[in-house]
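>>> return atomic coordinates for the entry below.
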Amino acid sequence: MSNAYTIRGQQFIGGQRRASGEAELVSLRADNGQPTGHRFFSASIAETAAAADAAAQAFTAYSQLSAERRADFLEAIAEQLDALDEEFFNFAMQETALPLARLSGERARTSGQMRLFASLLRRGDVHGVRIDCALPQRAPLPRPDLRQYRTALGPVAVFGASNFPLAFSTAGGDTAAALAAGCPVVFKAHSGHMITAELTAQAIERAREQQQIPAGVFNMIYGNRIGADLVQHPAIQAVGFTGSLRGGRALFDLAMRRPQPIPVFAEMSSINPLVIMPRALAQRGQQIASDLLASFTLGCGQFCTKPGLIIGIRGEAFSQFTRELSTKLDAAPPQAMLNAGTLAHYRRGLAELEQQEGIRHLAGSREQQPYLAAPQLYQADICLLLGGNPLLQEEVFGPVAILIAVENHQQLTAALESLQGQLTATLLTDPEDLDDAAPLAQLLTRKAGRVLFNGYPTGVEVCDAMVHGGPYPATSDARGSSVGTLAIERFLRPVCLQNYPAALLPPALQDGNPLGLLRLVNGIYTRDPIPSPANN
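Residues are numbered from 1 along each chain as shown. Below you'll find the predicted structure:
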C-alpha cells in the first residue's frame, strides 16, 4: 500500500464520494487541541437520506449472497485493515492521544473480529435451522411442513464510539456483525477521529470493490446533528450504538417514536462493581491495590468496563488496602484523554462527586493541567448507595474509582441488590471466601452481562462465549452482546416457511442439506439429509 493517503472528508454513499456546503468539521489533535490540518463536510439531510436509501437498494442482493461470499468479504476487509501502515497510525495517534502499542493491538482486534465472523459464517450455525416435517396423517389435525431459519434484518445504522477508534468504530464489532448477518451499514463517523474513520472506510471500500460486493453495502457520513435523521429514516431497520446513557437513550426514544419502531442495541453506562472478599483482601491486599489501580486507570480510564465502584467489608485489612491504593494513585501520572469534550465531561463528573455530602476525596492531584486527566480516588458512605443516590449509579468516564466499606455480609448483599444493570461485575476471592461468595455471584448474574472471579474486567476477549452487554442502563437490550459471535444475532430475525415448494427452499432448508449444517429436524440435531418422503 502507498503511504500517500488522500483525505477528502466527503460522505461515502453508494460507492461514491459526495459533499455539499463547506468543510466545516475540523479534525483536532487530542493532546493539545490544535487542528490536524484536515476538514470534513457535514452530511446534509438529503445526503443522510441518500446513504440510507443506498443501503436499502443494496439490501436484497447483499442479503442473498451466500455465507461463503460474505465470509470472503469480511476476510478481505481484515486484510485491508492489516495493511494500514505507519502513516495511518500517526493520524490515529494525533486524533486520540492513544499510544502506538494500544492502536496496533486494537487494529489486530478489529481485523480479528472480521475473521471471527467469517469463521462463524463458514461454520454454518448462524442459520439457526429448525425443521418440523409434515405429518399428513396426524389426528385430529395434520401438521404442515414447517422450516425455520434466520435472515438479515435490514440496513443498520451504526454510531462510532470515541474510546475505541478501531474496534468499536468504522470497521468495529457492530459493523462486522451487521455485514456478517447480511445487513448493509450506514456508519456515522465519530467527530473525535474523523481521519481515522476516513482511512478505515477507504479500506472497507477497497475490499468491497475487490470482492465485487454491491455498492451501498457500506456507507459513511460525517456530522454532529445527523443522528436523529438517520435513525428516523424508514430504510433503517436497526441501530448499533456505543456511548453515553444520554445519547443512547435519545436514539432509543427516537426509534420507538417511529411509525415503524426498530430495535436499538445501545451500550451506554456501567460502573462495573468490584467486590473484594475478606480473605482475598487479607491474603493479597497489596497486590490487589496495584492490579486494581492498573485496571481503572488503563487507557486513562476510558474503557466501558472500567471497575468504577469498589466494595469491601470494613476492617483493618480494608483500611490498609485503602491506604495502599491511595499512595499508589498519588504516584500515578496524568494522561491525555481522547478529546477536549471527554476531558470536560470527566471534570464535571468529579465536580459532582466533590459536591456530594457523604463522598470524600482520598487521593489524586486536583491541579488541572491542559488536556490531561489526573487519576482520582473517592470514598462514599454506604448509606448513599442503599438510599438510592443516583450519583453512585452513574458512570464517570475517566480514571476514577469510588470505594465503599460495608459493615457485614448482609449489608454487602443489600449494596449489590441496590445496583442497576451492569456490563460486568467482579468478585476477588480466596478459596476460603467461596461459601460467602456463591450467593453474591448468583445475585450478580441478575445484574451484569459478565461476572468475573479473580480477574479485572477491562480485558474483553473476542470469542464465541463473550457477552458484552447487560441489563439497563448498561445496554438498551440485555438479550444481546456487542462483542463476540453472539453479536450477529442482533441483526437477524427468524422466518418460518410453511409448505414451501421444495424447488424454492433456500439451501439451508433443503432436504438434502447441501451445506452440511447441524439442523434441528423433528426434535433431533442431525447433519443427515431428510428422507425424501418427509417433504411430500
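>>> ok, now which ones touch the nearest residue to Pro375 once chain neighbours are set aside?
Leaving aside its sequence neighbours, Pro375 sits nearest to Pro399 (Cβ to Cβ, 6 or more residues apart in numbering; 4.0 Å). For the C-beta atoms, the positions are set from N, CA and C on the backbone; glycine is no exception. Pro399 sits next to Phe296, Thr297, Cys300, Gly301, Ala332, Gln335, Ala373, Ala374, Pro375, Gln376 when contact means Cβ atoms under 8 Å, 6 or more residues apart in numbering.
>>> list just the nearest of these to Thr96.
Cys300 (10.5 Å; Cβ to Cβ).
>>> now the residue nearest to that closest one when sequence neighbours are not counted: how far from Leu372?
Using Cβ to Cβ, 6+ apart and skipping the chain neighbours, the partner closest in space to Cys300 is Gln335 (4.0 Å). Distance, Gln335 to Leu372, using Cβ to Cβ, to the nearest Å: 7 Å.
>>> ditto for Arg366
Arg366 is 13 Å from Leu372, by Cβ to Cβ.
>>> between the two, which one's more packed in?
Between Arg366 and Leu372, Leu372 has the larger neighbour count (other Cβ atoms under 10 Å), namely 17 against 9.
>>> from Ser290, how far off is the residue nearest to that one when sequence neighbours are not counted?
Spatial nearest neighbour of Leu372, chain neighbours left out: Pro334 (4.0 Å); criterion: Cβ to Cβ, 6+ apart. Going from Pro334 to Ser290 by Cβ to Cβ gives 19 Å.
>>> ok, the two, which is more surrounded?
Pro334 (18 against 13).
>>> hang on, isn't the more buried one packed against Ala374?
Yes. Taking Cβ atoms under 8 Å as the contact criterion, Pro334 and Ala374 are neighbours in contact, 4.3 Å apart.
>>> what do those two both touch?
Joint contacts of Pro334 and Ala374 (Cβ under 8 Å, 6+ apart) are Ser365.
>>> and stretch 403-422, how far from the chain's centre?
27 Å (Cα atoms, centre = their mean, to the nearest Å).
>>> likewise stretch 232-243?
15 Å.
>>> give me every residue that touches Ala92.
The neighbours of Ala92, taking Cβ under 8 Å, 6+ apart as the test, are Leu98, Leu103, Pro165, Leu166, His193, Ile195, Thr196.
>>> switch the cut-off to 6 Å
Applying Cβ atoms under 6 Å, 6 or more residues apart in numbering, we find Ala92 in contact with Leu103, Pro165, Thr196.
>>> element containing it?
Element membership for Ala92 (DSSP states H and E) is helix 86-96.
>>> may I have whichever helix or strand comes after that helix exported as PDB, CA atoms only?
Using DSSP H and E, the helix or strand that follows helix 86-96 towards the C-terminus is helix 100-123. This file holds the C-alpha atoms of helix 100-123, laid out as PDB (Å, rounded to 0.1, in the frame of the first residue of the first chain):
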ATOM      1  CA  LEU A 100       1.000   3.200  19.100                       C
ATOM      2  CA  ALA A 101       1.000  -0.100  21.000                       C
ATOM      3  CA  ARG A 102      -2.600   0.400  22.000                       C
ATOM      4  CA  LEU A 103      -3.700   1.300  18.500                       C
ATOM      5  CA  SER A 104      -1.700  -1.600  17.000                       C
ATOM      6  CA  GLY A 105      -3.400  -4.000  19.400                       C
ATOM      7  CA  GLU A 106      -6.800  -2.600  18.600                       C
ATOM      8  CA  ARG A 107      -6.200  -2.900  14.900                       C
ATOM      9  CA  ALA A 108      -5.400  -6.600  15.400                       C
ATOM     10  CA  ARG A 109      -8.600  -7.000  17.400                       C
ATOM     11  CA  THR A 110     -10.600  -5.200  14.700                       C
ATOM     12  CA  SER A 111      -9.300  -7.400  11.800                       C
ATOM     13  CA  GLY A 112      -9.600 -10.400  14.100                       C
ATOM     14  CA  GLN A 113     -13.300  -9.600  14.600                       C
ATOM     15  CA  MET A 114     -13.800  -9.700  10.900                       C
ATOM     16  CA  ARG A 115     -12.100 -13.000  10.600                       C
ATOM     17  CA  LEU A 116     -14.000 -14.400  13.600                       C
ATOM     18  CA  PHE A 117     -17.400 -13.600  11.900                       C
ATOM     19  CA  ALA A 118     -16.100 -15.100   8.600                       C
ATOM     20  CA  SER A 119     -15.400 -18.300  10.500                       C
ATOM     21  CA  LEU A 120     -18.800 -18.200  12.000                       C
ATOM     22  CA  LEU A 121     -20.400 -17.900   8.600                       C
ATOM     23  CA  ARG A 122     -18.400 -20.800   7.300                       C
ATOM     24  CA  ARG A 123     -19.300 -22.900  10.400                       C
END
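>>> tell me the mean pLDDT for helix 100-123?
What helix 100-123 shows for mean pLDDT is 97.
>>> ditto for stretch 371-382
Rounded mean pLDDT across stretch 371-382 is 97.
>>> mind checking the end-to-end distance for that stretch?
In stretch 371-382, first residue to last residue: 33 Å (Cα to Cα, to the nearest Å).
>>> so what touches that stretch?
31-32, 297, 300, 326, 329, 332, 334, 336-337, 343, 346, 353, 358-365, 392, 398-404, 406.
>>> 7 Å instead, please
Stretch 371-382 is contacted by residues 31-33, 297, 300, 325-326, 329, 332, 334-337, 343, 346, 350, 353, 358-365, 392, 398-406, 411, 415 when judged by Cβ atoms under 7 Å, 6 or more residues apart in numbering.
>>> for Gly248, which non-adjacent residue is closest in space?
Ala266 is the one closest to Gly248 (Cβ to Cβ, 6+ apart), at 3.3 Å.
>>> pLDDT at the one you found, what is it?
For Ala266, pLDDT reads 97.
>>> doesn't it lie inside a helix?
No. Ala266: not assigned to a helix; according to DSSP: H, G, I helix; E, B strand; the rest coil it is strand.
>>> and the gap between it and Phe241?
4 Å.
>>> now Gly459
Gly459 is 23 Å from Phe241, by Cβ to Cβ.
>>> who has more neighbours, the two?
More crowded of Gly459 and Phe241, by other Cβ under 10 Å: Phe241, with 28 against 11.
>>> so that one touches Phe159, yeah?
Yes. Phe241 is within contact range of Phe159, at 4.5 Å (criterion: Cβ atoms under 7 Å).
>>> give the buried residues for stretch 438-449.
The neighbour-count check on stretch 438-449 (16 or more other Cβ atoms under 10 Å) flags Leu440, Ala441, Leu443, Leu444, Lys447, Ala448, Gly449 as buried.
>>> from these, which land in strands?
Applying DSSP state E to those, the entries found in strands are Ala448, Gly449.
>>> ok, so of the buried residues of stretch 438-449, who is nearest Arg107?
Of the buried residues of stretch 438-449, the one sitting nearest to Arg107 (Cβ to Cβ) turns out to be Gly449, at 25.5 Å.
>>> for stretch 349-364, measure first residue to last.
Chord length of stretch 349-364, first to last residue, is 15 Å (Cα to Cα).
>>> got the buried residues for that stretch?
Gly349, Leu350, Leu353, Gln356, Ile359, Leu362, Ala363, Gly364.
>>> helix, strand, or coil at the third one?
Remark: Leu353 carries the secondary structure label helix [criterion: three-state DSSP].
>>> and the gap between it and Pro375?
Relative to Pro375, and taking Cβ to Cβ, Leu353 is found at 13 Å.
>>> tell me the contacts of the residue nearest to the spatial centre of the chain?
The centre of the chain sits closest to Ser482, judged by Cα atoms, centre = their mean, with a distance of 4.1 Å. Shown in contact with Ser482 (Cβ under 7 Å, 6+ apart): Gly173, Asp174, Thr242, Phe265, Glu267, His468, Gly469.
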